[in-house]
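Asks: Requesting a structural model of the entry that follows:
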Amino acid sequence: MPLNVKNIVLFNKSNVDAETYKVDGAKLITGNPEQSLWNHYSDPSEQFFSGVWQSEPGCWRIDYSEHEFCQILQGHSIVRDTEGNEVHLRSGDNFVIPAGFSGEWEVIETTKKIYVIYEPNTNQA
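Replies: The predicted model follows:
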C-alpha cells in the first residue's frame, strides 16, 4: 500500500512525550545534565530516527556508532575530538557527525537540536 500525506510526521503537530534522563556516569566529565528526547520518527528497520533533543550544561564523552545530522535550534555547545580540536555550535548551525567519531560534547548554554540519525544494522549478514 502506498504511503500518503497522512504518513508525513510534522514535529510541531506530533504528540510525543519527552524521555528525560541523565548522562551515563561512566561518560560524564563535568556537571550532571538532564537531557530530554522527543523521538518523532523511527523507521520499521529501527535504523533511522528523527526528533528533538535538549540538554542542560555539562560535558561527556561521545563515541558515535551512528551517522547524525543536527540542526541547533538554541543554545551553545562545543564538540571536541580526541586531539582537542573543537567546533562551537550555536543556533542555526547544521552539521553531520559521522559514525566513528569520538570525543566530547560540552553544553555551555542549554542546547536544543533537531537530530536525524542513521545507524546501520551491523547484525545483518
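Asks: contacts and neighbour counts: CA atoms only from here.
Replies: Fine.
Asks: residue contacts, residue 97?
Replies: Contacts for residue 97 (Cα atoms under 8 Å, 6 or more residues apart in numbering) come out as 64, 67, 68, 69.
Asks: thinking the first one is in contact with residue 101, fair?
Replies: Yes: under the criterion of Cα atoms under 8 Å, residue 64 makes contact with residue 101 at 5.3 Å.
Asks: coming back round to it: mind giving me the PyMOL select for the contacts of residue 97, buried ones only?
Replies: The PyMOL selection below is limited to those of these classed as buried (16 or more other Cα atoms under 10 Å):
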select buried, resi 67+68+69
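Asks: tell me which of the contacts of residue 97 is nearest to residue 4?
Replies: The nearest member of the contacts of residue 97 to residue 4, counting by Cα to Cα, is residue 69 at 25.0 Å.
Asks: Run the chain-centre distance for the lengthiest strand in the chain.
Replies: Longest strand in the chain, counting residues (DSSP state E): strand 102-118. Taking Cα atoms, centre = their mean, to the nearest Å, one finds the center of strand 102-118 at 5 Å from the center of the full chain.
Asks: Stretch 24-37 too?
Replies: 14 Å.
Asks: rewinding a little: including distance to residue 86 and secondary structure, could the contacts of residue 97 go into TSV?
Replies: As requested, the contacts of residue 97 are arranged in TSV below (distance: Cα to Cα, whole Å; DSSP: H, G, I helix; E, B strand; the rest coil):
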residue	distance to residue 86	secondary structure
64	16	coil
67	19	strand
68	17	strand
69	17	strand
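Asks: Which one of the contacts of residue 97 is nearest to residue 80?
Replies: Closest approach between these and residue 80, by Cα to Cα: residue 64, at 12.8 Å.
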